[in-house]
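Enquirer: Following is a predicted model, sequence given first.
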Amino acid sequence: MQQTPPGPARSTRAASSRHAVRLALALFATCAGLAALVAWRTQRLGAEADRERFERLTGVVVERIQDRLQRYRNGLVGMRGAIAAHPELTAEDFKACVESRDLARDVPRARGLGFVRRGTR
């Protein structure tokens, strides 16, 4: 069995081995840092995209709600105008007025329109 002679060859191998370990650790740390950076950036971009989508969708929903409320208001204002123009409007006249309208378009999902006259005490 041959033994490695003491001296410069052994110290060169040890130095080379330490250098290889340091290089491997540096490479590992660099790769881990890059992976962490990519994960953070991906998460941030996803969060921004989610926020933008949420804001866009809430804007659409708010517009739809405002449009529907405006349609209901327009329907009620129109009926108020009919009643104001004809103070002695009968129930039959009012029913004819309501039936002449396209309620499905004018006031979607409304079950109908009606009015109540104040009675005398």
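Expert: That came through, no problem.
Enquirer: The helix or strand hosting S11: what's the following helix or strand?
Expert: Following DSSP states H and E, one finds S11 within helix 8-85. Using DSSP H and E, the helix or strand that follows helix 8-85 in sequence is helix 91-99.
Enquirer: circling back: give the rounded mean pLDDT of the helix holding S11.
Expert: For helix 8-85, mean pLDDT is 90.
Enquirer: and it, how far from the chain's centre?
Expert: Distance of helix 8-85 from the chain centroid (CA atoms, centre = their mean, to the nearest Å) equals 12 Å.
Enquirer: Which residues outside stretch 68-83 are in contact with it?
Expert: L89, F94, C97, V98, R101, L103, D106, V107, P108, A110, L113, F115 (CB atoms under 8 Å, 6 or more residues apart in numbering). For the C-beta atoms, the positions are set from N, CA and C on the backbone; glycine is no exception.
Enquirer: Among those residues, which pair sits farthest apart?
Expert: L89 and P108 (25.0 Å; CB to CB).
Enquirer: how many other residues sit next to R71?
Expert: Counted with other CB atoms under 10 Å, the neighbours of R71 add up to 16.
Enquirer: So which residue is smack in the middle of the chain?
Expert: Centroid-nearest residue in the chain, with CA atoms, centre = their mean: F54, separated by 1.5 Å.
Enquirer: which of the residues in stretch 21-35 are buried?
Expert: Counting neighbours by 16 or more other CB atoms under 10 Å, one finds that stretch 21-35 has no buried residues.
Enquirer: Same check on stretch 92-110?
Expert: In stretch 92-110, counting by 16+ other CB under 10 Å, buried: F94, C97, V98, V107.
Enquirer: any idea how far N74 is from the closest residue to the second one other than its chain neighbours?
Expert: This points to C97. Spatial nearest neighbour of C97, excluding adjacent residues (CB to CB, 6 or more residues apart in numbering): A82 at 5.2 Å. From A82 across to N74, the span is 13 Å (CB to CB, to the nearest Å).
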